[in-house]
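Sequence and predicted structure, then a few things I'm wondering about:
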Amino acid sequence: MTKPEDITIRTIDLRGQKLTRAELLEAMPRATMGVGEATELVKPILEDVKARGAAALRDFAEKFDHVRPKNLRVPREAMQKALDNLDPKVRAAIEESVRRCRKVSESQVPQDFHTDLAPGARVAERWIPVQRVGLYVPGGKAVYPSSVIMNTVPAQAAGVESLAIATPPSKTDPDGLPAQSILATCAILGVDEVYAVGGAQAIAMFAFGAKGSEPQDGEILCEPVDKITGPGNIFVATAKHLVAGSVGIDAEAGPTEIAILADSTADPRFVAADLIGQAEHDELAGSVLITDSQELADAVRAELQARVPRTEHAERIQKSLSGSQSGIIMTDGLDQSIDVANAYAAEHLEIQTADPDSTIARIHNAGAIFRGPFSPVPLGDYMSGSNHVLPTGGTARYASGLGVHTFMKPVEVIEYDENGLKELAARINDFAVQEDLPGHGECVLTRFVRDPYDKATLEEQEQEAGLR
Ligand SMILES: NC(=O)c1ccc[n+]([C@@H]2O[C@H](COP(=O)([O-])OP(=O)(O)OC[C@H]3O[C@@H](n4cnc5c(N)ncnc54)[C@H](O)[C@@H]3O)[C@@H](O)[C@H]2O)c1
Ligand SMILES: N[C@H](CO)Cc1c[nH]c[nH+]1
Ligand SMILES: [Zn+2]
């Protein structure tokens, strides 16, 4: 039983300190187990799946998920059955979430466009969907049908041709099928390539493909994908980090974080509940309050002590609040609070200040920003219409959350005609010669002069052809 006195969260007191950028980044609360630390654990899993395919996937399921799935590829009938048995209240919640996410996703689809630079000289931009994607849906400590929605709906809006989902097998299912609510959500969204494979091994399967090992797998269980997206624990995030380069990834969407930038006007009950809410995900989840108000900090601490023991996952929450990745950061004022929020680069940043808009205008780094007391993170987790797959571990300094853009690539199409090229031919050649790549210039000149290799007469030829 967790008791109020067990609930500890450290204070990081930055008041009166003038920190350099490096010192400020160093002072941020981070987990002791990050991608760097997990790498040595994850590498052998990736190598084994690459070498042994489905046989390794079954062995890892047995080791980490405590079940040996009969069918690694979930039969279509299992998904329909899960949907038939779904509680109507849960189905209504899923459908509302899908509706809002789809509306936002459809409005995010970028338009093709072109720029005319001169007659016969056009550069167009085409947005092309990624062809085949692997979507990871977590399912260890909790089950995440919401992550099926957050991954799949933007991929569908982008026009992805082939999409597969991987999610851990459930140890309570005798055949090792994934959680029923996840399968039902796949059925609602019309996804029929679903694998009962979790963790780093799922990421390896998507990156390298996997050959079958049992007759029901077929010769090839899973073809490799072009890009892997989706959230997961530290093993999943590390595996994505390690395969990036062989395949695309979205962001390192690892253990959840919340930072709340609050001043004395914030309600400590809301702040405490929101810190607890995200701490519930994982012992490695981070909950951070950034404030210049000692009164608020004290009141939030008291609220945490009163609330945590009363919630179901008290023990997990107590661990994540007391971990090195959580804390109450005390600042001298709003300016320093904003500097801290930008240095921490939270996955979720709630703004609970007197004037949230002027605060938000100064935020550079966050996966998603939740404005004011009535936009709490779980609204975004489930059905605000925004996406809950977001960068963690400070990667929001350069990475962004999942969206339609994750599943599309802008490709420039160069459309010059003879006149458009002629106007630039001599200049291109001058540039190429300067770079000691005369063959480049000769490609262009050959279209307009008799003998681009005869350098003695080249200038004359260029003049004759009207290039100079
Ligand atoms: N950043 C985001 O956008 C976002 C969104 C939702 C959830 N999350 C995070 O996703 C995570 C979900 O974690 P989860 O554990 O519930 O589910 P998960 O599916 O991510 O992980 C479960 C898998 O981890 C593997 N695993 C467990 N212990 C292992 C070990 N010791 N070594 C190697 N592999 C091991 C197993 O294969 C298991 O199938 C949480 O950390 C949550 O905070 C993040
Ligand atoms: N807060 C998580 C990371 O963004 C997403 C989630 C799903 N279900 C509940 N929460
Ligand atoms: Zn959440």
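It's in. Ligands and ions are numbered 1, 2, ... in the order given.

ends of stretch 378-395, how far apart?
21 Å (CA to CA, to the nearest Å).

Where does the stretch 1-150 of the chain get nearest to ligand 1, residue-wise?
Gly140 (2.7 Å; CB to the nearest ligand atom). C-betas here are computed from N, CA, C, even on glycine.

Mind telling me what element that residue is part of?
For Gly140, there is no host helix or strand (DSSP states H and E).

So Asp267 sits against Gly372, correct?
No - checked against CB atoms under 8 Å, the pair Asp267 and Gly372 is beyond contact range at 11.0 Å.

Now do the shared contacts for these two.
Common contacts of Asp267 and Gly372, defined by CB atoms under 8 Å, 6 or more residues apart in numbering, comprise Gln352.

if we look at the helix or strand that contains Val340, which residues are touching it?
Assigned by DSSP H and E, Val340 belongs to helix 334-344. The contact list for helix 334-344, computed with CB under 8 Å, 6+ apart, reads 14, 21, 24-25, 27-29, 259, 261, 263, 288, 290-292, 329, 331, 349, 353, 359, 362-366, 394.

just how off-centre is it within its chain?
Its chain's average C-alpha position is 23 Å from that of helix 334-344, according to CA atoms, centre = their mean, to the nearest Å.

Tell me how far the residue of the stretch 51-200 of the chain found nearest ligand 2 lies from Val133.
Nearest to ligand 2, among the residues of the stretch 51-200 of the chain, is Ser146, at 4.5 Å (CB to the nearest ligand atom). When distance is defined by CB to CB, to the nearest Å, Ser146 is 18 Å away from Val133.

Between the two, point out the one with more neighbours.
Val133 (28 against 23; other CB atoms under 10 Å).

Am I right that the more buried one is in a helix?
No - counting by DSSP: H, G, I helix; E, B strand; the rest coil, Val133 is not part of a helix but strand.

pLDDT wise, what is Ala354 at?
With respect to pLDDT, Ala354 scores 98.

If we ignore the residues flanking it in sequence, what's nearest it?
Nearest residue to Ala354, sequence neighbours excluded (CB to CB, 6 or more residues apart in numbering): Thr265, at 4.7 Å.

can you check His66 too?
Spatial nearest neighbour of His66, chain neighbours left out: Lys171 (4.5 Å); criterion: CB to CB, 6+ apart.

That neighbour and ligand 1: what is the separation?
10 Å (CB to the nearest ligand atom, to the nearest Å).

Identify the residues contacting that residue.
By CB under 8 Å, 6+ apart, Lys171 lies in contact with 65-67.

secondary structure element for it?
Short version, using DSSP H and E: Lys171 is in no helix or strand.

Tell me which helix or strand the closest residue to ligand 2 within the stretch 251-400 of the chain sits in.
Distances between the stretch 251-400 of the chain and ligand 2 by CB to the nearest ligand atom are smallest at Asp381, namely 3.4 Å. Per DSSP H and E, Asp381 falls inside helix 377-382.

That helix and ligand 1 in contact?
No - Helix 377-382 does not reach ligand 1 (CB under 6 Å from any ligand atom); its nearest approach is 7.7 Å.

Can you give me the buried ones in that helix?
377-378, 380-382 (16 or more other CB atoms under 10 Å).

Nearest to Met408 among the residues you listed?
Gly380 (22.2 Å; CB to CB).

Next up, the contacts around that closest one.
With the criterion set at CB under 8 Å, 6+ apart, Gly380 makes contact with 348, 368, 370, 386-388.

Of the residues you listed, which pair is most distant in space?
The distance between the two most remote of the contacts of Gly380 (CB to CB) is 13.1 Å, for Phe370 and Asn387.

Need the residues that contact stretch 460-468.
When contacts are defined by CB under 8 Å, 6+ apart, stretch 460-468 is touched by residues 422, 425-426, 429, 445, 448-452, 454, 459.

Where does pLDDT dip in the chain?
Of all residues in the chain, none has pLDDT under 70.

Now do stretch 301-312: distance from first to last residue.
Using CA to CA, the two ends of stretch 301-312 sit 19 Å apart.

Please tell me how far that stretch is from the chain's geometric centre.
30 Å.

ok, now stretch 132-149?
With CA atoms, centre = their mean, you get 12 Å for stretch 132-149.

what does stretch 79-94 give?
27 Å.

Show the end-to-end separation of it, please.
15 Å.

For it, buried residues please.
Neighbour-count burial for stretch 79-94, counted by 16+ other CB under 10 Å, picks out 79, 81-83, 86, 94.

likewise stretch 183-194?
Neighbour-count burial for stretch 183-194 [16+ other CB under 10 Å]: 183-189, 191-194.

So which of those residues belong to helices?
Members of the buried residues of stretch 183-194 lying in helices (criterion: DSSP state H): 183-189.

okay but Ile128 is in contact with Met408, surely?
Yes - between Ile128 and Met408 there is a contact under CB under 8 Å: 6.5 Å.

ok, the two, which is more surrounded?
Between Ile128 and Met408, counted using other CB under 10 Å, Met408 has the larger neighbour count: 22 against 12.

Now the more buried one: phi and psi?
phi -130, psi 150 (degrees, to the nearest 10).

residues in contact with it?
Contacts of Met408 by CB under 8 Å, 6+ apart are 109-110, 127-130, 158-159.

any idea how far it is from Ser97?
Counting by CB to CB, the gap from Met408 to Ser97 is 22 Å.

helix/strand/coil for Asn419?
Applying three-state DSSP: Asn419 is helix.

Hmm, it is touching Arg447, no?
No - look at Asn419 against Arg447 with CB under 8 Å: they stay out of range, at 11.5 Å.

Helices of the stretch 301-450 of the chain, start to end?
In the stretch 301-450 of the chain, the helices defined using DSSP state H, counting those that start in this stretch lie at 314-322, 334-344, 356-360, 377-382, 418-434, 438-445.

got a markdown table for these, with distance to Val404 too?
What follows is those, written out as a markdown table (distance: least, CB to CB, whole Å):
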| stretch | distance to Val404 |
| --- | --- |
| helix 314-322 | 32 |
| helix 334-344 | 26 |
| helix 356-360 | 23 |
| helix 377-382 | 17 |
| helix 418-434 | 33 |
| helix 438-445 | 37 |
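
got a list of what Leu261 touches?
So Leu261 contacts 290-291, 337-338, 340-341, 349-353, 359 (CB under 8 Å, 6+ apart).

switch to 10 Å and redo it
288-292, 329, 331, 334, 337-338, 340-341, 344, 346, 349-353, 356, 359-360, 363, 366, 369 (CB atoms under 10 Å, 6 or more residues apart in numbering).

related to what we said a few turns ago, out of the contacts of helix 334-344, which are close to ligand 1?
Okay, of those, nothing touches ligand 1 (CB under 6 Å from any ligand atom).

out of these, which are buried?
By 16+ other CB under 10 Å, the contacts of helix 334-344 give 14, 24, 27-29, 259, 261, 263, 288, 290-292, 329, 331, 349, 353, 359, 363, 365-366, 394 as buried.
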